[in-house]
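>>> sequence and predicted structure below; questions after.
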Amino acid sequence: MSVDASASPPVLETRNLTKTFRGFTAVDGVDLQVQEGHIHALIGPNGAGKTTVFNLLTKFLPPTRGEILYRGKPITPLKANQIARLGLVRSFQISAVFAHMSALENVRVALQRPLGTSFHFWKSERTLSPLNARALELLEEVGLAEYADTLTVEMPYGRKRALELATTLALDPDVMLLDEPTQGMGAEDVDRIVALIKRVAKGRTVLMVEHNLSVVSRLCDRITVLARGAVLAEGDYKSVSQDPRVREAYMGSEIGDDEAPSERASA
Amino acid sequence: EISDGEVRIGYLADMSGTYRDLAGPGGLTALEMAVADFGGSVNGAPIVLFSADDRNSADVGANTVREWIDQRNVDMVAGLVASSVTIAVTKVLEENDRLGIVSGSAASSVTNEHCTPNHIHWVYDTYPLANGTARAVVEQGGDSWFLLTADYAFGHALEADVTRVVEESGGEVVGSVRHPFPTSDFSSYILQAQGSGAKIVGLANAGADTVNAITTASQFGLTQSGQQLAGLLIFLNDVHALGLEATQNLLLTTGWYWDMDDQAREWAQRYFDEVGSMPTMVQAGIYSSTMHYLEAVQAAGTDDAQAVRAQMASQPINDFFARNGRIREDGRMVHDMYLAQVKTPEESTGEWDLYEILSTIPAEQAYRPLSESQCKLVQN
Amino acid sequence: MISESGEATRQTSEASSATRARDILKITDLHAFYGESHILHGVNMNVKEGELVTLLGRNGAGRSTTLKAIMNMVGRRSGSIVIGGKETLGMKPHHVPRLGVGYCPEERGIFASLDVHENLLLPPTVSSGGMSLDAIYAMFPNLHERRKSQGTRLSGGEQQMLAMARILRTGARILLLDEITEGLAPVIVQKLGEVLVKLKASGMTIVLVEQNFRFAAPLADRHFVMEHGEIIEEISALELAGRRQHLHSLLGV
Amino acid sequence: MSDSTTLSAPRVVAKRKRRAGQRRALLYAALLALGLVAPFLAYPVFLMKILCFALFACAFNLLLGYAGLLSFGHAAFLATGGYVTGYLLASYPGLTPELGILAGTLCATLLGALFGVLSIRRQGIYFAMVTLALAQLMFFFFIQAPFTGGEDGLHGVPRGELFGIISLRNHLSMYYVVFAIFVLGFALIQRTVHSPFGQVLKAIRENEPRAISLGYNVDAYKLVAFVLSAALAGLAGSTKTIVFQLASLTDAHWHMSGEVILMTLLGGVGTLLGPIAGAGLVVSLQHLLAQSPMGNWVSVILGAIFVVCVLSFRSGIVGELTALYRKNFK
Amino acid sequence: MTMIFGVPMAVFMGQLTLGLVNGAFYALLSLGLAVIFGLLKIVNFAHGAQYMLGAFAALLAFNYLGINYWLALVLVPLTVGGLSMLIERFLLRRIAHLDHLYGLLLTFGLALIFEGTLINFFGVSGARYATPEILQGGLNLGFMFLPTYRAWVLVAALAMCLFTWFMIERTRLGAYLRAGTENSQLMQAFGVNVPLLITLTYGFGVGLAAFAGVLAAPLYPVSPTMGSSLLIVVFAVVVIGGMGSILGAILTGLGMGVIEGLTKVYYPEAANTVIFLVMILVLMLRPAGLFGKEA
Ligand SMILES: Nc1ncnc2c1ncn2[C@@H]1O[C@H](COP(=O)(O)OP(=O)(O)OP(=O)(O)O)[C@@H](O)[C@H]1O
Ligand SMILES: Nc1ncnc2c1ncn2[C@@H]1O[C@H](COP(=O)(O)OP(=O)(O)OP(=O)(O)O)[C@@H](O)[C@H]1O
Ligand SMILES: [Mg+2]
Ligand SMILES: [Mg+2]
């Protein structure tokens, strides 16, 4: 499946990416190309292999076959944490926070690595306070300022997701990989997150898994549809959502009710 | 001038572990009996007892004794079983110039390379055990040996002693296997012993290891297949626990046996009434040594370690326990030892009727001669 | 009584008929705690036999906690929960489901030590008339395809299906479903919708905790809106059209 | 309002942190004072034993409580420190104690690095068992190696003169040296916990995959924690050997690894002071019971106490106390 | 005489056989441990003591009640297992929600209590337990003389292992147990009486230990300390097999018996240590043990 037009070289590219678990092929020869500055959605039925693709891209799983290139350079042999240092940062489908640290500390942990003092067990943690201001900014961006001081366990689920995003942002990533960032959120939270993603996506590239089509339609420049581990269709929301195979395999008839007005207008 | 007007004795032994039944609480009773028999005081100075469990740990032992000395100004330490504890404790005693009487330890090194002017080794050590048993066995025609050796200092020493004696008396050691300490399953080693074709299987180990080895040997019909066991370090309580079925005809060397004569029987009976089991040679030795110590204190009129030790050494020891006993300058109390054989179930007339004394090994032959001593107190 | 309930089961979704049915689940002044923290502050709600109600509310409103409290899965509880005429507040956790209650937790609770098939067979049947295995596999083909693999190896969505399918088997008459459409693809969501309609038609009583209002709206007889551990609003399907705006404002949509 | 929160929030944090800080400082000052007068109130050697084990337990707690790693082989480090120091001081009379301690600690540190590299990638109980296994190999080595004196142990280690000047034969001077070492060790741990490193460690314990996705090489951090812990355990061992002038297999036996777990849990895992309390309790108990008429019931009573503690002071002595404090003062 | 690796063929074969016997024994013990850990996530440090209790119960039952070996083989596991259920019900359950460590600590404490108490009443020398008539004597296997009793141990232990494996891996009850320990709250929400299951399982696991104890009584002197030394070896076996893997525990048990047996020939000093060497190597190659599922 070749990408049409857009000349600039892809930021993130996979070639024939394949993953099999004990004979079961979860990801099957995926050629993915994510363009600079795009918000790129990865959608598909449950079990299509989206999360697995994320795990492969971020080296949480070793690919069985295939290649991963970041800005043209192969990164297949790198370790998960090295990938993160390159600027490819992921979030998790099931929210991942540091439960017994305050929201502020959660973000600060992400901020502190660049200081290069993370191995300094002889330094006081007060040397980290300069980061608090920035951490608080980030918390506020996701509307968690008032939680700054609360232990994360005590936050409602939706807020945890928001916090996770703030933590991801703290790394000022070049490419963000978000696995269902709005999962389990109330409508108002969703809108906030969508707005937020729009905002922070400026000057970044985002690859996200999302089931909430209104979110996809509102955010994404480009969409890749996975099914049974392989790429089924690719293109912008309109073309993809018109694609009969996609409708059949994924969207069913949901398109069309008061789902995504903006799209219908432009359609 | 008895320090702070009291003779203070500390009893240090394994009260809960492997050596419990060898000395343990029973030893403490023996000590109390001695104090009581002595009248509870020396020249009007009351005798005070402390006791502690060393849990077979050198740390615990050494610390307890150090504290007894620093805090309670204890004059003499009795008991002392596990060799590692004994060696650690005697170092502390020497440093603080107090007296120790070792009744439980087997290692002959206690009065050899580890000797100090501050302790006396009373009951037995590996040298006469090897000497007595091995020689007798070889003389009876058991001239080819296979040794099961506990793989630590004590076992190695015993193995060396036995090997020497066996070869001196014209036998040979055809093989040996060093088993970890402790070992619960000896089947493999017994099998190797059977494979070796040696006439005698010598047990150069102690306590639970010996017991296990003997049990397994009887299961594998070692004796039926014409081989014979020689226990080198085996005590009354072991034989009692194993039962005569498994141990019959076993040859062993002992420093004392409750049924060896009237004196012994008379004391043993008193002990039995107190404790409910017959005394081991160690428990008897504790009584004997304490008595001798208290007499020395009385005679010397002081409880100063060196004075008392000198006094003790100056007196020969002949009581219900020791015959022709004397204390050498290396601190070894040498006395007659006995070669015994375990009775068969048929021969035995009672629960505790376990040994038959075959012969006496004279004190002077039994122990390592001073000429071979590496003790710093001995001029060679 | 019997006849009434029987009637209620025959007639389906109209709230009107449901009103004539008896309360199969009645919660009065329910308080619930997690350790120190007081989560539910006097919840009052009732569900009639054969009815489908939703619990709406923002994150952290206490909807999951309500369901957990019904199953006696929270720390401390006070108030009253009457199921099928029986007061359950004093009951041991494992006695509640035997009243015919099936619970599908928010975090799915798939068992790693069992494969998909075993997971499916796990919950003991509480009464006859549950769905058959084949019917379930027909409904969720992915599960059939992955039935030999370890439960937690399934994708997020697959796990959700499994968690749902699992209790359809047991023949429970009252289903407590916590965010079952969470992370599910629209096709599956639709399928689930259809399933719920079927179940309802067969006379099941369903309490649905939902984030996805669009999914819940057409199915439900009544909506309960929760806020800070209390029911602050009850809206019947009939009123819904009129009060959509109000509701949206409550939910912050 | 949003910016009011922006401002207020950090102020709250800061204030609370400061208050907590002051309270802690006060507590530590009190304990320090206590430590200084203690030898006049109780038997110094006994106190030294407690201090040595307290340091050992603190070292262990750094790993379990703050890196979430349960090592079942810490005896190996205690013993290595002890044997090396003991052997050097016993066989090279010229050597001063501080050098002996340094050497012992160093060896323990190296061993820690080796253990760490071999075990750090294992998870949970498997990690515990690998460390146990490695420790058992060390135990075997200590039995076989000639310089340890095998079962008999290593005896007659001289206390010598600190820096070649201050004689340590006197219990009091020895005590203050031990106390100083303990305070240093404790300070290092307390600082480590509240350091940038400590933050990352905590994050890793909370959620490892997330920490990785933030770019942290978690194995490296765990390894550092492990080596630190091993080094401090070695330090405890070396000091202990000098105090008691002997090193024995007891320190290398897996029971010792078990004992330190008990101490830490009884005192309170993940609390800085817990291990000290735990060590104090266990050592005193063994001490008291060994000499009481109940002597031969020692293991029974210890066992009973463990059972009771687990049932009624779950979060350990210190944990319970802090909880109590929180209840009544907040 | 044919030699193999420098030892007589006969001796070699003999060692293999003995290795198997001990192996079956390890298998039985580690099985109990694996059941308890795998299903209850309790690191049962009292397992050694409970094995010892089994042996002691058999001994006392014989001395004071005249209960013979065969009866003991049935009654003792039931009694010891039954009593241990009380322990689970009234002690372990109260800390079930805590970190495994506390379970370890508690059971360790219990072990101390059991051993300490018995030591005070019976000492440590250990007493003999007579081998039942039918099993006395031995079989001549040509290359060795194998005491009949050891042959019996091999058979009995293996049979019991097989039975247990079937119970847990192949029955619905087993499935309940596996699930119940993963998320007991949810299992209860399905209407399963989990607490009861847990209690029974613990009882069963301990019962296995006691059964092993009775088997051991005629082999080794019955002493209060007979269990403690065995504990970590058995524990190591469980780990090598893969925590909670029933099959793993059984096969590893047998394997380790053999390996240990051969070590006793070629490097006896290391006989007690070899198992840990094996454990390290195994965990290097397979992080979750031979049969453990990767987390
Ligand atoms: N560790 C694993 N072992 C075996 N199979 C796995 C593993 N992880 C995922 N799978 C399988 O791979 C397929 C893809 O899983 P994945 O989580 O990527 O799906 P997904 O697209 O994220 O679905 P969802 O949207 O529901 O999260 C699924 O069928 C899943 O069962
Ligand atoms: N185990 C727990 N311990 C303490 N507090 C909890 C626990 N679980 C939930 N809470 C708190 O209880 C409140 C209600 O949680 P609940 O899960 O019921 O919310 P909800 O309405 O289900 O929202 P959502 O499920 O969308 O997050 C939240 O504030 C949450 O922080
Ligand atoms: Mg997914
Ligand atoms: Mg919820």
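Received the coordinates, thanks. Ligands and ions are numbered 1, 2, ... in the order given.

>>> could you report the neighbour count for the residue in chain D that ligand 4 sits nearest to?
Per Cβ to the ion, D:Asn207 is where chain D lies closest to ligand 4, at 20.6 Å. C-beta: built from backbone N, CA, C; applies to glycine. D:Asn207 has 21 neighbours, counted by other Cβ atoms under 10 Å in any protein chain shown.

>>> now swap in the one 3 residues further on and tell me
Counted with other Cβ under 10 Å, residues neighbouring D:Arg210 total 24.

>>> which ones are touching it?
If you count contacts by Cβ atoms under 8 Å, 6 or more residues apart in numbering or on different chains, D:Arg210 has them with A:92, A:96-98, A:164, A:167, D:203.

>>> now do A:Arg90
Neighbouring residues of A:Arg90 by Cβ under 8 Å, 6+ apart: A:54, A:57-58, A:84, A:168, A:176-179, D:213.

>>> just the residues you listed: which are in strands?
Among those, the members found in strands (DSSP state E) are A:176-179.

>>> low-confidence stretches in the stretch 151-300 of chain D?
Along the stretch 151-300 of chain D, the parts satisfying pLDDT under 70 run over D:164, D:291, D:293-296.

>>> which residues in it form strands?
Here the stretch 151-300 of chain D has its strands, by DSSP state E, counting those that start in this stretch, at D:161-162, D:166-167.

>>> let me know which of these is tucked in deepest.
Mean neighbours per residue, mean count of other Cβ atoms under 10 Å in any protein chain shown, is largest over these for strand D:161-162, with a mean of 17.

>>> ok, it: who's next to it in the sheet?
Sheet pairing of strand D:161-162 (DSSP bridges) gives strand D:166-167 (antiparallel).

>>> which parts of chain A sit against ligand 1?
Selection of chain A residues close to ligand 1 by Cβ under 6 Å from any ligand atom yields A:21, A:24, A:26, A:44, A:46-52, A:93.

>>> what is the most widely separated pair among the residues you listed?
For these, the farthest-apart pair by Cβ to Cβ is A:Phe24 and A:Gln93; their separation is 19.1 Å.

>>> compare the two (neighbour count), which wins?
Neighbours per residue, other Cβ under 10 Å: of A:Phe24 and A:Gln93, the larger number sits with A:Gln93, 19 against 13.

>>> can you point me to the longest helix in chain B?
Ordering each helix of chain B by length in residues (DSSP state H) puts helix B:281-300 first.

>>> selection in PyMOL covering whichever of the contacts of D:Arg210 are buried, please.
Those of the contacts of D:Arg210 that count as buried under 16 or more other Cβ atoms under 10 Å in any protein chain shown are selected in PyMOL with:
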select buried, (chain A and resi 92+96+97+98+164+167) or (chain D and resi 203)
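
>>> so can I have a markdown table of the contacts of D:Arg210 showing distance to chain C and secondary structure?
Shown next, in a markdown table, are the contacts of D:Arg210 (distance: Cβ to the nearest Cβ, whole Å; DSSP: H, G, I helix; E, B strand; the rest coil):
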| residue | distance to chain C | secondary structure |
| --- | --- | --- |
| A:Phe92 | 10 | coil |
| A:Ala96 | 13 | coil |
| A:Val97 | 14 | coil |
| A:Phe98 | 19 | coil |
| A:Glu164 | 14 | helix |
| A:Thr167 | 18 | helix |
| D:Ala203 | 22 | helix |
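
>>> got the contacts of D:Arg210 as a markdown table, with distance to E:Gln185 columns?
Formatted as a markdown table, the contacts of D:Arg210 follow (distance: Cβ to Cβ, whole Å):
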| residue | distance to E:Gln185 |
| --- | --- |
| A:Phe92 | 24 |
| A:Ala96 | 23 |
| A:Val97 | 22 |
| A:Phe98 | 24 |
| A:Glu164 | 25 |
| A:Thr167 | 29 |
| D:Ala203 | 28 |
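
>>> closest to B:Phe181 among the contacts of D:Arg210?
Checking those one by one against B:Phe181 (Cβ to Cβ), the nearest turns out to be D:Ala203, at 46.2 Å.

>>> can you pull out the helices in the stretch 101-250 of chain E?
Ranges of helices within the stretch 101-250 of chain E are E:148-170, E:172-182, E:184-189, E:194-216, E:228-241, E:246-266, based on DSSP state H, counting those that start in this stretch.

>>> now do the stretch 51-200 of chain D
For the stretch 51-200 of chain D, the helices defined by DSSP H, counting those that start in this stretch occupy D:75-91, D:97-119, D:124-144, D:171-193, D:196-206.

>>> what kind of secondary structure is the most centrally placed residue in chain C in?
Among the residues of chain C, the one closest to the centroid is C:Leu176, at 2.2 Å (Cα atoms, centre = their mean). Following DSSP: H, G, I helix; E, B strand; the rest coil, we place C:Leu176 in the strand state.

>>> surely it and C:Met71 touch.
Yes. Using Cβ atoms under 8 Å, C:Leu176 is in contact with C:Met71, at 7.1 Å.

>>> any common contacting residues for the two?
With contacts taken as Cβ under 8 Å, 6+ apart, C:Leu176 and C:Met71 have C:101, C:103 as neighbours in common.

>>> now name the helix or strand holding A:Leu42.
strand A:39-43 (DSSP states H and E).

>>> what helices or strands is that strand leaning on?
Counting contacts by 3 or more Cβ pairs under 8 Å, 6 or more residues apart in numbering or on different chains; DSSP states H and E, strand A:39-43 is packed against helix A:50-57, strand A:205-209, helix A:213-219, strand A:222-227.

>>> and those, which one averages the lowest pLDDT?
Ranked by mean pLDDT, those bottom out at helix A:213-219, with a mean of 82.

>>> and that helix with chain C, contact?
Yes. Helix A:213-219 lies within reach of chain C by Cβ under 8 Å from any Cβ of the partner chain, at A:Leu213.

>>> show me the shaky parts of the chain.
With no chain named, the answer covers chain A. For chain A, counting by pLDDT under 70, the residues that fall below are A:1-7, A:93-95, A:157, A:183-187, A:248-267.

>>> could you do chain B instead?
By pLDDT under 70, the weakly predicted segments of chain B are B:380.

>>> and chain C, by the same measure?
Using pLDDT under 70, chain C drops low at C:1-21, C:35-37, C:59-60, C:251-253.

>>> residues of it that sit close to ligand 4?
Residues of chain C lying close to ligand 4 (Cβ under 5 Å from the ion) are C:64, C:106.

>>> dump the residue contacts of the residue of chain C at minimum distance from ligand 1.
Residue of chain C nearest ligand 1, by Cβ to the nearest ligand atom: C:Gly157 (2.6 Å). Contacts were defined as Cβ under 8 Å, 6+ apart; by that measure C:Gly157 touches A:45-47, A:211, C:183-185, C:188.

>>> which pair of those spans the longest distance?
So, the contacts of C:Gly157 by Cβ to Cβ: farthest apart are A:Gly47 and A:His211, at 12.5 Å.

>>> separation between B:Thr29 and B:Trp352?
Between B:Thr29 and B:Trp352 the computed distance is 17 Å (Cβ to Cβ, to the nearest Å).

>>> hmm, back to that, now, which of the residues of chain A next to ligand 1 sits nearest B:Ala153?
Closest approach between those and B:Ala153, by Cβ to Cβ: A:Phe21, at 55.8 Å.

>>> the closest one: neighbour count?
By other Cβ under 10 Å, the residues close to A:Phe21 number 14.
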